[in-house]
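J.: here are the coordinates; sequence isn't available:
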Ligand code: FUB
């Protein structure tokens, strides 16, 4: 109880709350990639890397630019707290200043301490790179402050560390370097215990970003893998953490668009498994500025993993009283609809859904957003942020395209965005899927819907 109170006070004092009015991506005010998610102390903590646009004097404008790490947490997978910067490159003794290569990290907990593992470019000493390319920083809490060790972990050579701790307390570090490798960690969590072993069940094709986890007694060694043009997510299974592993197939297909990388982690929360991954949602034309997403993951009875399809809606329940971003839809009519940025020059402002009509169209034009919680107490007012030059009508219906209508917006023609506020015609408590259905008009753009 005391710990939780302390955590609540710490969050209030030192963190900025990310407003949770959209689902994927889950972090909506900065670029985040390579998410490593863990369940610590009743919250999900996500340790991503942090893409930034190239600084003026950084030569490679077309590459990853990363100078620090933030950590984020949530107790409902919807509202995310940014605990701020936990490590920055120029404050780590062994890291080459201004090298901007703080790639995919991970964190884990053992015997009262949190260990944050991160790769970086090491300082040269007498022209030689240091022994080790992965560092560790230690903290008493999952959100820091983390104190980095002065040297990298000797014997590490590569990127993308993941730290797995088995039920018997034995810790393992896996990373990408000369293939995907695994090595035991000593009890101090700061030194390798033995020689790294290469996982040999990996199919041909470029790999990186390994992640090791255990579910129902089986070990899963998963990784981004270039089978075709870009990285999909794939996995092997074994009965022991060191293997032998057997390749099982894909967890997620390569992205359908230009995002070349993917990088993931898998975590169980209250009996449900989740896949955290990334995609360049807020940067559609430059895939080195990425954003973290989450979707549910399911196992088959034989322990194999069902392929996860990336969604906009993501996971969790959205409060009816929040600004419900229906552009992060669960489903949408495949004609007469479109999704665009509200402002293409400020992509973190998010998206809008466009419903438009054609002479040929005979069917209702709709978008569906699942799992909206209306609570128990009656709500009276519906609000929709809307833009329509010629006006029209939009029904908000529950659970089906022709389900009960709870509000009908009579949108007047207007050249700018307006918050249209109307009395609700009906109220149904509990969790419902929400449909916005355009019943008349030629074109209506919706930013969000909310209820009071
Ligand atoms: O974020 C930089 C690199 O891109 C990561 O280390 C790789 O896994 C890939 O996601």
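T.: Cool, the structure landed. Since the structure is predicted, the reported quantities are computational estimates derived from the model, not experimental observations. Numbers count the residues shown, from 1 in each chain.
J.: Excluding residues flanking it in the chain, which one is nearest residue 319?
T.: Excluding the flanking residues, the one nearest residue 319 by Cβ to Cβ, 6 or more residues apart in numbering is residue 373, at 5.6 Å. The C-beta positions use only the backbone N, C-alpha and C, and glycine is treated the same way.
J.: I'd say that neighbour and residue 316 touch.
T.: No: using Cβ atoms under 8 Å, residue 373 makes no contact with residue 316, being 10.0 Å away.
J.: Enumerate the residues of the stretch 51-200 of the chain near the ligand.
T.: 64, 103-104, 159-160 (Cβ under 6 Å from any ligand atom).
J.: what sits against residue 169?
T.: For residue 169, the contacting residues are residue 110, by Cβ atoms under 8 Å, 6 or more residues apart in numbering.
J.: gap between it and residue 175?
T.: Using Cβ to Cβ, to the nearest Å, residue 169 is found at 21 Å from residue 175.
J.: ranking the residues of the stretch 51-200 of the chain next to the ligand by neighbours, who comes first?
T.: Neighbour counts for those peak at residue 104, which has 32 neighbours (criterion: other Cβ atoms under 10 Å).
J.: That one touches residue 160, doesn't it?
T.: Yes: in terms of Cβ under 8 Å, residue 104 counts as a neighbour of residue 160; the distance is 4.3 Å.
J.: Next, show the common contact partners of those two.
T.: 34, 119, 209, 263.
J.: Save the residues you listed as CSV, and put in neighbour count and pLDDT too.
T.: Putting the shared contacts of residue 104 and residue 160 into CSV (neighbours: other Cβ atoms under 10 Å; pLDDT from 0 to 100) gives the following:
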residue, neighbour count, pLDDT
34, 31, 98
119, 26, 98
209, 27, 98
263, 26, 98
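J.: low-scoring pLDDT stretches of the stretch 1-150 of the chain, where are they?
T.: For the stretch 1-150 of the chain, residues meeting the criterion pLDDT under 70 lie at 1-22.
J.: if you set the cut-off to 90 instead, what comes out?
T.: Counting by pLDDT under 90, the stretch 1-150 of the chain shows low-confidence ranges at 1-22, 54-60, 125, 129.
J.: In it, mark out all the strands, start to finish.
T.: In chain order, the stretch 1-150 of the chain shows strands spanning 16-18, 33-40, 43-49, 68-74, 80-88, 106-110, 113-119, 134-139, 147-148, with DSSP state E, counting those that start in this stretch as the criterion.
J.: possible to save the ones you listed as CSV with distance to residue 350?
T.: Compiled in CSV, those are given as follows (distance: least, Cβ to Cβ, whole Å):
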stretch, distance to residue 350
strand 16-18, 12
strand 33-40, 19
strand 43-49, 19
strand 68-74, 18
strand 80-88, 15
strand 106-110, 29
strand 113-119, 30
strand 134-139, 33
strand 147-148, 35
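J.: Quick check: which of the ones you listed is nearest to residue 419?
T.: strand 16-18 (22.0 Å; Cβ to Cβ).
J.: where exactly do the strands run in the stretch 351-452 of the chain?
T.: Using DSSP E, counting those that start in this stretch, strands in the stretch 351-452 of the chain cover 351-356, 365-373, 381-388, 392-398, 405-411, 414-423, 431-441, 443-451.
J.: of all the ones you listed, which lies closest to the ligand?
T.: Minimum separation from the ligand across the strands of the stretch 351-452 of the chain (Cβ to the nearest ligand atom) falls at strand 351-356, 23.8 Å.
J.: Okay, now the sheet partners of the closest one, with direction.
T.: Under the criterion DSSP bridges, strand 351-356 sits next to strand 337-341 (antiparallel), strand 443-451 (antiparallel) in its sheet.
J.: Which stretch among the ones you listed is buried most, on average?
T.: strand 443-451 (a mean of 22; mean count of other Cβ atoms under 10 Å).
J.: Can you tell me what sits against that strand?
T.: Strand 443-451 is contacted from outside by 21, 320-327, 342, 350, 352-357, 367, 374, 379, 381-390, 392, 394, 396, 411, 417, 424, 434, 436, 438, using Cβ under 8 Å, 6+ apart.
J.: Buried among the residues you listed? Make that a PyMOL selection.
T.: Here is the PyMOL command that selects the buried residues among the contacts of strand 443-451 (16 or more other Cβ atoms under 10 Å):
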select buried, resi 21+320+322+323+324+325+326+327+342+350+352+353+354+355+356+367+374+379+382+383+384+385+386+387+388+392+394+396+411+424+434+436+438
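J.: So in terms of bridging, what pairs with the residue nearest to residue 319?
T.: residue 319, residue 431.
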